[in-house]
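1. Next come a sequence and a model predicted from it.
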Amino acid sequence: MALLMILTAQFLQICVAQPPETPSRIAVVGAGIGGSAVTYFLQQQFGAQVQIDLYEADRIGGRLATLTVNNQQYESGSPYIHSLNLHMQGFVKHLGLKHRKEVAGKNAIYNGEQLVLEETDWYLLNLFRLWWHYGISFLRLQMWVEEVMEKFMRIYTFQAHEYAFSSMEELLRSLGGEHFVNMTHKSVGESLQAIGVSQKFIDDVISAVIRASYGQSVAIPALAGAMSLAGTPGNMWAVEGGNKLVCSGLLRLTKANVIHGKVMAISLHSSEKRPIYEVRYEQDGTLSSQNYDLVIIAAPLHKTGYPISFHNFQPPVEQPNGTYHRVVTSIVHGYLNSSYFGFSDPKLFPFFSILSVDSPDSSFFSIESLCPVNVSVGFRRKTPQEAAVWRVLSPRPLDRKELKTFFKSYYSVQVIEWQAFPSYMSVGPSRSLPPIILHDGLYYLNGVEWAASSVEMSAVAAKNVALLAFNRWFDLHEKIDQPDLLHKLKTEL
């Protein structure tokens, strides 16, 4: 009898599957919004017991950055966040941060000779002017953008139910079918023409918005264009104290081990159970290495991006095609030359933002009056007869002559050159998006930028990578790349 009980117990031990162990160590490369968010989501999935090392060679926040002018800080990187960005909204709420007080201002569009569109304080008058100049093109645009955003918002439902996607194509297909995938191949200009938006509206308005967002033309992919065009004034917000506080706050919340070093190489080492990844990095002139179960790269791997070499991988990990597009940000503290835009009396100049259409003679993408990251009670935007802080986006650094053209005089100029966004024209229209899975436990987050580049797209990609790594680690294949997911969830509910 005793022997029978022992044999039964042994049989049950063999038959009952033991849950796999969680990864003991995870590496994240890059501490921008993507790296900070994926660190947070990984801890949510795997638990607080997992050690997460985050490597950053520069500063926490990446392209979410500030600089100081006249003892106040201003956004030098991504200045605004869309109101529909639910992950960013959640981060701000969870971290106890606040939305920065909105300071109203009007926009205008400049074609190199004159202002072709001027915003007023009256909503109905603005609509009338759009209709008068462009017919119903602006209504067609609005309907198109709303349809795209409505479908994009499905990702939050999918991720709330812990579904993940092994490629960007699968993620996009789940949101809007092949049409969404095709939006990464077809240009925004072609897409808008196809729905009846006039060429004049595209040339005057769409091109100006795209240039102010990406520093590129209406030849960028339609999905990236739609995301940019969704960010209309009134739908945007910023974090009190600076948007970069989201990144530092998430890392502080997760208690991630931040290693201020530059990752040089990642090597694959075989193991009886799962592969081990050796991360080699340079810190203060010293080369070191650490081993990990999972590695997430949250930095650009393209030719002008983050130069990491990969060893012992078969097939080899290939560097994605394409380059990044340079955008120059000049933060100028001075007096705007309003007469350049047709206002001889600066007291009559009502605009806080001037966008430039795509023309051969244009030397800037946008000029915008900035508010400090901490807006005090009673703060108002300064008029051109007062010294203010202006943010000028341009394709190259402004020379002295150009500065004297745009500004009557100035106290200081600080210049930041960004490899800010993918150069969408550096690869052909039939390109495939960069892979998410580079190896069994090696993931690439920043490929999402080639579908569309924004703070929230990085946060969405971060959540997807965390869910994908978790589901693949525990063999939850029913949670990966499920077809007709929207219908499936409706049926379950």
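-> Sure thing, it's come through. On a predicted model such as this, the values are computed, not experimentally measured, just so you know.
2. Check which element follows the strand ranked longest in the chain along the chain.
-> With secondary structure taken from DSSP state E, the chain has its longest strand at strand 407-422. Scanning forward in sequence from strand 407-422 by DSSP states H and E, the next helix or strand is strand 437-439.
3. what's that following strand packed up against?
-> strand 442-444 (3 or more CB pairs under 8 Å, 6 or more residues apart in numbering; DSSP states H and E). The C-beta positions use only the backbone N, C-alpha and C, and glycine is treated the same way.
4. What helices and strands are in contact with the strand it packs on?
-> Against strand 442-444 (3+ CB pairs under 8 Å, 6+ apart) you get strand 294-297, strand 437-439, helix 455-473.
5. And the contacts of the shortest one?
-> The set of residues that contact strand 437-439 without belonging to it, under CB atoms under 8 Å, 6 or more residues apart in numbering, is S166, S167, L268, P275, Y277, I297, F310, F313, V317, Y443, Y444, L468.
6. what sits against the last one?
-> Spelled out, it's L468. Counting by CB under 8 Å, 6+ apart, L468 has contacts A164, F165, S166, I436, I437, Y443, I480.
7. need the helices and strands packed on strand 442-444 in CSV with distance to C247 and mean pLDDT, can you?
-> Listed next are the helices and strands packed on strand 442-444 as CSV, based on distance: least, CB to CB, whole Å; pLDDT from 0 to 100:
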stretch, distance to C247, mean pLDDT
strand 294-297, 15, 98
strand 437-439, 24, 96
helix 455-473, 10, 97
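8. Just send those back as JSON lines, with distance to T323 too.
-> Converted to JSON lines, those look like this (distance: least, CB to CB, whole Å):
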{"stretch": "strand 294-297", "distance to T323": "18"}
{"stretch": "strand 437-439", "distance to T323": "20"}
{"stretch": "helix 455-473", "distance to T323": "19"}
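9. Tell me which of these is the most buried.
-> Comparing the helices and strands packed on strand 442-444 by mean neighbour count (mean count of other CB atoms under 10 Å), strand 294-297 ranks first with a mean of 27.
10. and stretch 137-144, how far from the chain's centre?
-> 24 Å (CA atoms, centre = their mean, to the nearest Å).
11. can you pull the buried residues of that stretch?
-> S137, F138, R140, L141, W144 (16 or more other CB atoms under 10 Å).
12. residue ranges for the helices of the stretch 101-250 of the chain, please.
-> Under the criterion DSSP state H, counting those that start in this stretch, the stretch 101-250 of the chain contains helices at 123-134, 137-152, 154-160, 168-182, 188-194, 199-201, 207-214, 222-229, 245-254.
13. which other residues reach the first one?
-> Contacts to helix 123-134, defined as CB under 8 Å, 6+ apart, come from residues V116, L117, E118, E119, T120, F138, S198, K200, F201, D204, V205.
14. Any idea how many residues pack against the residue lying closest to A238 once chain neighbours are set aside?
-> Once flanking residues are discounted, A238 sits nearest to R100: 4.5 Å by CB to CB, 6 or more residues apart in numbering. Close neighbours of R100, defined as other CB atoms under 10 Å, add up to 20.
15. residues contacting R100?
-> So R100 contacts W237, A238, V239, E240, G241, C371, V373, N374, V375 (CB under 8 Å, 6+ apart).
16. of those, buried ones?
-> W237, A238, V239, E240, C371, V373.
17. Okay, and which of those map to strands?
-> Short answer: the buried ones among the contacts of R100 in strands (DSSP E) are W237.
18. got the buried ones among the contacts of R100 as a markdown table, with pLDDT and distance to S362 columns?
-> Converted to a markdown table, the buried ones among the contacts of R100 look like this (pLDDT from 0 to 100; distance: CB to CB, whole Å):
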| residue | pLDDT | distance to S362 |
| --- | --- | --- |
| W237 | 87 | 29 |
| A238 | 90 | 27 |
| V239 | 93 | 31 |
| E240 | 94 | 34 |
| C371 | 91 | 25 |
| V373 | 93 | 29 |
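19. ok, of the buried ones among the contacts of R100, which one's closest to L398?
-> C371 (21.9 Å; CB to CB).
20. on that earlier part again, out of the contacts of strand 437-439, which is most surrounded?
-> I297 (28 neighbours).
21. and the gap between it and Y123?
-> Going from I297 to Y123 by CB to CB, to the nearest Å gives 45 Å.
22. Please apply the same query to A230.
-> Relative to Y123, and taking CB to CB, A230 is found at 18 Å.
23. Next: R140.
-> Where Y123 is concerned, R140 sits at a distance of 19 Å (CB to CB).
24. do the same with A160
-> Counting by CB to CB - A160 and Y123 are separated by 35 Å.
25. coming back round to it: what comes into contact with the longest strand of the chain?
-> Against strand 407-422 from outside (CB under 8 Å, 6+ apart): 63, 65, 67, 69-70, 76-77, 214-216, 300, 302, 304-305, 322-337, 387, 390, 397-398, 403, 449-450, 453.
26. buried stuff in that strand?
-> Neighbour-count burial for strand 407-422 [16+ other CB under 10 Å]: F407, K408, Y410, V413, W418, Q419, A420, F421, P422.
27. now stretch 184-194
-> For stretch 184-194, by 16+ other CB under 10 Å, it's T184, K186, S187, V188, G189, S191, L192.
28. of these, closest to D58?
-> Closest to D58, out of all of the buried residues of stretch 184-194 and judged by CB to CB, is T184, at 28.9 Å.
29. Tell me which residues touch that closest one, please.
-> M168, L172, P221, A222, L223, A224, L433, W450, A451.
30. Equivalent analysis for T68, please.
-> T68 neighbours (CB under 8 Å, 6+ apart): Y74.
31. I'd like the numbering to begin with 27 instead of 1 from here.
-> OK, 27 is where the count begins now, so the last one is T94.
32. coming back round to it: minimum pLDDT in the buried residues of strand 433-448, which residue is that?
-> Lowest model confidence among these falls on A446, which carries 80.
33. what residue ranges in the protein score low on pLDDT?
-> 27-46, 258-260, 297, 329-331, 452-456, 519 (pLDDT under 70).
34. So what's the gap between the strand or helix carrying Q71 and the chain middle?
-> According to DSSP H and E, Q71 maps onto helix 59-72. Counting by CA atoms, centre = their mean, helix 59-72 is centred 15 Å from the centre of its parent chain.
35. what comes up buried for that helix?
-> 59-69, 71-72.
36. Output the contacting helices and strands for it.
-> Secondary elements touching helix 59-72 (3+ CB pairs under 8 Å, 6+ apart): strand 51-55, strand 77-81, helix 112-121, helix 271-280, strand 320-323, helix 481-499.
37. list the helices and strands the fifth one packs on?
-> In this structure, strand 320-323 makes packing contacts with strand 51-55, helix 59-72, strand 302-309, strand 468-470, helix 481-499, judged by 3+ CB pairs under 8 Å, 6+ apart.
38. Go through those and name the closest to M179.
-> Here helix 481-499 is closest among these (CB to CB), at 10.6 Å.
39. Could you give the separation of the closest one from the chain centroid?
-> The answer for helix 481-499 is 14 Å, by CA atoms, centre = their mean.
40. now swap in stretch 115-123 and tell me
-> 18 Å.
41. Using CSV, write down the CA coordinates of it.
-> The C-alpha trace of stretch 115-123 is given here as CSV (Å, rounded to 0.1, in the frame of the first residue of the first chain):
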residue,chain,number,x,y,z
GLN,A,115,-2.5,59.8,-19.4
GLY,A,116,-2.2,56.8,-17.2
PHE,A,117,1.4,57.4,-16.4
VAL,A,118,0.8,61.0,-15.4
LYS,A,119,-2.1,59.9,-13.1
HIS,A,120,-0.2,57.0,-11.6
LEU,A,121,2.9,59.2,-10.9
GLY,A,122,0.9,62.0,-9.3
LEU,A,123,2.0,64.5,-12.0
